[in-house]
Structure formats: C-alpha cells, structure tokens
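Enquirer: give me a 3D structure for the following:
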Amino acid sequence: MPLRLLITRPEPAATRFARELRAEFPGAEVLVSPLMHITYDGTLPTLAPGEVLIFTSRHGVEGFCRLSPRRDLPACVVGEATAEEARQRGFSVIAVAEDAEALLDLLADEGVAGPFLHARGAHVAADIVGALREAGRAAREAVVYDQQALPLSDAARTMLEGDAPVILPLMSPRSAVLFFDVAGTPRAPLFVAAISRNVAARIPDGVAHRVAVARTPDARALGIVLNDLAKHAKRVESHKGAQ
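Expert: Reported below is the predicted structural model:
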C-alpha cells in the first residue's frame with residue numbers, strides 16, 4: 001500500500017506543498033484538505049515615523065501589502081519563509097527569529113526600540129503586542145487577514161478511518177487545534193510532523209501513533225522529520241501485513 005500523507009494547509013500553499021511531497025515520495029498518496037481559508041481584509045492605522053513592522057507569517061506580509069504601498073519601514077519577522085516574502089516585497093528585514101518568543105528576546109537583545117506594529121491574522125498563537133507593552137515598548141496591532149475554518153473533506157475522513165498509516169504535517173497551532181476538533185482520534189495510525197514545539201503542544205495525548213517535532217521551524221527541518229516518519233509508517237504497515 002502506498003505511503004499516505006494528508007495536507008491541511010491553506011491554499012495555495014497546500015497544492016505547492018503536495019507537489020513537493022509527491023516529488024519527495026514517488027508513488028505516495030498525497031491528499032489535500034485545507035482546514036483554513038485565508039481572506040484578506042482590515043484597515044491599517046496611520047503609520048508613525050520610524051515604526052517597525054512585525055510579521056509572523058507570509059499572510060501578514062500579503063495583508064499589509066494589500067492595504068499599504070509603504071515599503072520603507074523595517075520589518076522584524078518570524079520564520080525564514082516570512083523573511084523571504086518580506087524581502088521580495090521590498091522590506092528591509094532587520095530581525096528574523098524562529099518563533100514569537102525568540103523574536104521578543106531578539107528585539108530586547110538587539111535593542112530594537114520601536115514603536116512596533118504587528119500586522120497579524122484574526123487568530124494568533126502569541127500576544128506579541130501585549131508582551132512588548134509589558135516590557136515598556138510602544139506597540140499596536142492591525143488584523144490584516146482572517147483564517148476561516150473549513151471542514152475536512154470526505155476523502156480525508158475516509159483516509160483517516162482506514163487501517164493504513166497516515167502522515168500529517170501540521171504547520172501552525174491553529175491547524176492542530178482545528179484538525180483534532182474535527183477529526184477526534186482517527187482510526188488510522190497517525191504520524192504527526194509538527195513544525196514547532198508550539199504546534200506539538202496542541203496535539204491531544206494519545207491520538208497519534210507518533211509525534212515528531214522539527215528541530216527548527218523551516219521546510220528543511222520539516223523534510224527531515226517527514227522522511228523519518230515515512231520510515232516508521234512503512235514499518236507499521238509491514239508489521240500489519242505480516243500478521
């Protein structure tokens with residue numbers, strides 16, 4: 001039986017990711033069932049001179065760019081993918097960290113004074129603005145996109161109700177919460193590749209056969225985890241077939 005992978009990222013990232021996984025795992029069954037639909041909306045406040053932008057996702061960069069032509073403000077970001085998107089859009093990226101906590105530490109260590117504007121989604125995993133204010137920094141936020149929940153597709157439910165192992169990459173804490181809210185405890189042996197510790201922390205105990213966390217929250221580290229889980233999934237499948 002072919003390796004099975006379930007992709008729950010929003011589009012268009014889901015289709016791109018599925019294409020990459022099909023190339024990495026020839027013959028695998030890669031199913032796309034997004035759990036979120038990204039919509040761009042909102043308003044920006046009047047931008048202050050010297051304001052420092054904070055982006056914690058590529059969607060935040062896109063949302064800001066849809067609302068403002070300004071590209072002269074420095075940006076502090078979470079994740080290399082976000083940094084790449086910001087640079088491509090013309091921003092000067094002055095700080096890159098692996099997660100929100102690390103970004104706050106980096107801003108303090110580097111003495112980046114602000115004022116700060118966090119261009120974020122309607123749902124966030126960490127209150128960056130609140131933490132900056134507690135540290136005595138001037139900070140505010142603007143919601144520039146929304147992550148609207150979607151149901152699992154019938155095909156995804158069928159995959160999860162089967163006997164064959166399923167590998168599930170999870171890229172955000174919200175994706176993890178949404179998935180287990182709708183999927184419960186799947187019948188299929190579930191192998192979860194979490195992009196970060198924050199994502200892994202949202203996985204309920206006992207629902208996954210194995211959870212592995214990427215050493216760093218980036219595509220390369222996640223790829224290593226996926227390859228490791230694929231080996232474990234194949235061993236489980238082989239053991240079942242031998243019974």
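Enquirer: other SSEs contacting the longest helix along the chain?
Expert: Criterion DSSP state H: the longest helix present in the chain is helix 219-242. Counting contacts by 3 or more Cβ pairs under 8 Å, 6 or more residues apart in numbering; DSSP states H and E, helix 219-242 packs against helix 13-24, strand 166-170, strand 190-194, strand 210-213. Yep, even glycine has a C-beta here, placed from its N, CA and C like the rest.
Enquirer: want to throw the ones you listed into a markdown table with mean neighbour count?
Expert: Below are these laid out as a markdown table (neighbours: other Cβ atoms under 10 Å):
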| stretch | mean neighbour count |
| --- | --- |
| helix 13-24 | 15 |
| strand 166-170 | 26 |
| strand 190-194 | 25 |
| strand 210-213 | 18 |
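Enquirer: export these to CSV and append columns for distance to V129 and mean pLDDT.
Expert: Listed next are these as CSV, based on distance: least, Cβ to Cβ, whole Å; pLDDT from 0 to 100:
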stretch, distance to V129, mean pLDDT
helix 13-24, 26, 94
strand 166-170, 25, 97
strand 190-194, 25, 97
strand 210-213, 27, 96
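Enquirer: quick one: buried residues of the longest helix of the chain?
Expert: 221-223, 225-226, 229-230, 232-233, 237 (16 or more other Cβ atoms under 10 Å).
Enquirer: and if you look at stretch 202-216?
Expert: 202-203, 208-214.
Enquirer: could those be laid out in a markdown table, adding distance to R66?
Expert: Shown next, in a markdown table, are the buried residues of stretch 202-216 (distance: Cβ to Cβ, whole Å):
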| residue | distance to R66 |
| --- | --- |
| R202 | 29 |
| I203 | 33 |
| A208 | 37 |
| H209 | 41 |
| R210 | 40 |
| V211 | 36 |
| A212 | 36 |
| V213 | 33 |
| A214 | 30 |
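Enquirer: just the terminal-to-terminal distance for stretch 16-33.
Expert: 13 Å (Cα to Cα, to the nearest Å).
Enquirer: all good on my end, thank you.
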